[in-house]
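Participant: The amino acid sequence is not available; the structure is as follows:
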């Protein structure tokens with residue numbers, strides 16, 4: 001058994017190649033093989049978001065605080081709020097982040113396949129991000 005004490009692993013700024021705006025990540029778990037689970041606490045400042053991406057085995061988002069957005073190709077994004085849980089199937093192109101006015105924190109849970117958890121694509125355009133949400 002491993003116990004990771006609070007504050008023992010540093011917060012890191014998300015990779016600017018795959019995120020727009022200020023996004024901070026705190027590791028929750030990167031389980032050793034044969035386990036595949038990976039989880040991060042991700043904090044998005046207002047206006048911050050991921051790039052388009054997919055996950056080989058899908059992804060679960062659980063919103064911890066704030067109001068955010070999650071979007072699919074050629075569709076208006078959906079609002080997500082504290083307490084909401086989102087399942088994104090394997091291979092589905094999507095993005096997620098804060099609204100323009102409100103920050104959002106979520107837990108991102110995914111599994112690695114051959115060591116990979118995501119396939120990163122291009123950044124989300126302002127037109128896609130600012131499309132009226134449902």
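Facilitator: Received, thanks. Keep in mind the model is a prediction, meaning the values are calculated, not measured. Residues are numbered from 1 along each chain as shown.

Participant: Report pLDDT for residue 133.
Facilitator: Per-residue confidence (pLDDT) for residue 133: 86.

Participant: contacting residues for it?
Facilitator: By CB atoms under 8 Å, 6 or more residues apart in numbering, the residues touching residue 133 are 69, 76-79, 99. Just so you know, the C-beta spots here come from the backbone N, C-alpha and C atoms, and that holds for glycine as well.

Participant: Which of those are buried, as a ChimeraX select command?
Facilitator: To isolate the buried members of these in ChimeraX, using 16 or more other CB atoms under 10 Å:
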select :69,77,99
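
Participant: can the contacts of residue 133 go into JSON lines with extra columns for pLDDT and distance to residue 126?
Facilitator: Formatted as JSON lines, the contacts of residue 133 follow (pLDDT from 0 to 100; distance: CB to CB, whole Å):
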{"residue": "69", "pLDDT": "98", "distance to residue 126": "13"}
{"residue": "76", "pLDDT": "94", "distance to residue 126": "15"}
{"residue": "77", "pLDDT": "97", "distance to residue 126": "13"}
{"residue": "78", "pLDDT": "97", "distance to residue 126": "18"}
{"residue": "79", "pLDDT": "98", "distance to residue 126": "18"}
{"residue": "99", "pLDDT": "98", "distance to residue 126": "14"}
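
Participant: Just send the contacts of residue 133 back as JSON lines, with secondary structure and distance to residue 110 too.
Facilitator: Output for those, formatted as JSON lines (DSSP: H, G, I helix; E, B strand; the rest coil; distance: CB to CB, whole Å):
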{"residue": "69", "secondary structure": "strand", "distance to residue 110": "19"}
{"residue": "76", "secondary structure": "coil", "distance to residue 110": "24"}
{"residue": "77", "secondary structure": "coil", "distance to residue 110": "20"}
{"residue": "78", "secondary structure": "strand", "distance to residue 110": "19"}
{"residue": "79", "secondary structure": "strand", "distance to residue 110": "22"}
{"residue": "99", "secondary structure": "coil", "distance to residue 110": "23"}
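
Participant: In the contacts of residue 133, find the pair that's most separated.
Facilitator: Within the contacts of residue 133, 76 and 99 form the most distant pair, 13.2 Å apart (CB to CB).
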